[in-house]
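In: how would this look folded up:
(one chain, ligands or ions: 1)
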Amino acid sequence: MTRLTVLAGPTAVGKGTVVREILKDHPEIILSVSVTTRPPRPGELDGIHYFFVSDQTFDEMVENNELLEHAVVHKNYRYGTPRGPVETALANNQQIILEIDVQGARQVKQSLPAANLIFLAPPSIEELERRIAERGTENPEQVAIRMHSALDEMAAIGEFDHVVVNTEVAQAAQEVLELMQA
Ligand code: 5GP
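Out: So this is what the prediction gives:
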């Protein structure tokens, strides 16, 4: 059984919703909390949704090798996976899931080849565009950038071990869970 699962896929495909659905019934699965230089959105809590850090702190974490992977996402802010909780989970034989972007997924596979890389795909590009526009938390320029990087991310689908299509949340969550338990 692979204990480290990376769930990646284009922005707005529904990674967060699928992960929440999985954790609802499986509190024993650990969700990695990323660090980011992005400011919190309304309702986001430090240490729960992300660890919100300054550029300087992020630099220090990189220098001290505290991040398992890190990347600039959507040409904007930096995001990274703290190494400690991943290593602890693996040492304790616990399942851990990373919800990160495609660049991060590649880096994880390089340092931990046993990682299970799952790509969450939209039912169609049109549906993905609809979900990005609908989300509406960013200004129009950011929406355009997200649309562009979503298409870039779709091109990486072949690098993944498995693809799950997120047509319906419960069904996608079930498929991811089965892959985690396979
Ligand atoms: P958001 O700003 O909407 O919360 O996240 C933007 C993107 O950053 C998402 O596609 C998400 O998967 C990605 N992301 C979140 N945390 C990490 C991380 O630790 N590493 C990497 N490489 N990407 C991340």
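
In: Please list the residues of the chain that sit near the ligand.
Out: With C-beta under 6 Å from any ligand atom as the criterion, the chain meets the ligand at residues 11, 15, 34, 38, 69, 71, 73, 79-81, 99-101, 103-104. Every C-beta, even on glycine, is put in place using the N, C-alpha and C of the backbone.

In: can you tell me which residues contact the closest residue to the ligand within the chain?
Out: In the chain, the residue that lies nearest the ligand is Gly104 (2.5 Å; C-beta to the nearest ligand atom). The neighbourhood of Gly104, defined by C-beta atoms under 8 Å, 6 or more residues apart in numbering, consists of Val6, Ala8, Glu69, His70, Ala71, Tyr79, Gly80, Thr81, Leu98.

In: in the helix or strand containing it, what's buried?
Out: Using DSSP states H and E, Gly104 falls within helix 102-111. For helix 102-111, a neighbour-count test (16 or more other C-beta atoms under 10 Å) marks Val102, Gln103, Gly104, Ala105, Arg106, Gln107, Val108, Lys109 as buried.

In: ok, now stretch 28-37?
Out: Of all the residues in stretch 28-37, those buried under the rule 16+ other C-beta under 10 Å are Ile29, Ile30, Leu31, Ser32, Val33, Ser34, Val35, Thr36, Thr37.

In: cool, stretch 34-52 as well?
Out: For stretch 34-52, a neighbour-count test (16+ other C-beta under 10 Å) marks Ser34, Val35, Thr36, Thr37, Arg38, Tyr50, Phe51, Phe52 as buried.
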